[in-house]
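Asker: just coords:
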């Protein structure tokens with residue numbers, strides 16, 4: 001099996017805070033495709049004695065229950081995978097009395113990888129495409 005490699009490309013970007021500033025160049029990972037729940041179920045089924053349908057059912061249940069837990073304000077701890085938690089971005093107010101639900105600008109999910117994932121990420125090989 002070959003060593004996994006993430007391709008990188010050079011991407012020119014404008015400064016959104018100063019559109020008159022010269023463009024800058026950044027390294028960006030190249031997307032090679034997507035992996036959905038069906039693909040994960042297929043891969044897991046081929047590495048175990050569990051059927052693809054059973055794997056898919058468990059993954060769908062997992063997503064449903066993870067969302068239920070996040071909606072309750074809980075941190076979802078997934079061992080070697082890491083932790084997931086609801087995050088909120090909000091607009092500022094001048095006093096605590098002025099703060100309300102309308103201050104909420106966006107809602108998302110924070111992911112904090114486990115130490116095992118962090119170590120694995122450091123081992124990824126990269127190739128810069130010109």
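Answerer: Perfect, thanks for sending it. For clarity, every value in this text was computed on a predicted model and none was experimentally measured.
Asker: okay, and for this structure, where does confidence drop off?
Answerer: Applying pLDDT under 70 to the chain flags residues 1-4.
Asker: Skip the chain neighbours and tell me the closest residue to the residue nearest the centre of it.
Answerer: Among the residues of the chain, the one closest to the centroid is residue 111, at 6.3 Å (CA atoms, centre = their mean). Closest residue to residue 111 apart from its sequence neighbours, by CB to CB, 6 or more residues apart in numbering: residue 84 at 5.6 Å. Where C-beta positions appear, they are placed from N, C-alpha and C, glycine not excepted.
Asker: Residue 124 too?
Answerer: Excluding its sequence neighbours, the residue lying closest to residue 124 (CB to CB, 6+ apart) is residue 6, at 5.6 Å.
Asker: same deal with residue 114?
Answerer: residue 82 (4.5 Å).
Asker: Tell me the helices and strands packed up against whatever helix or strand the residue nearest to the centre of the chain lives in.
Answerer: Residue 111 belongs to strand 104-113 when elements are defined using DSSP states H and E. With contacts defined as 3 or more CB pairs under 8 Å, 6 or more residues apart in numbering; DSSP states H and E, the packing partners of strand 104-113 are strand 82-90.
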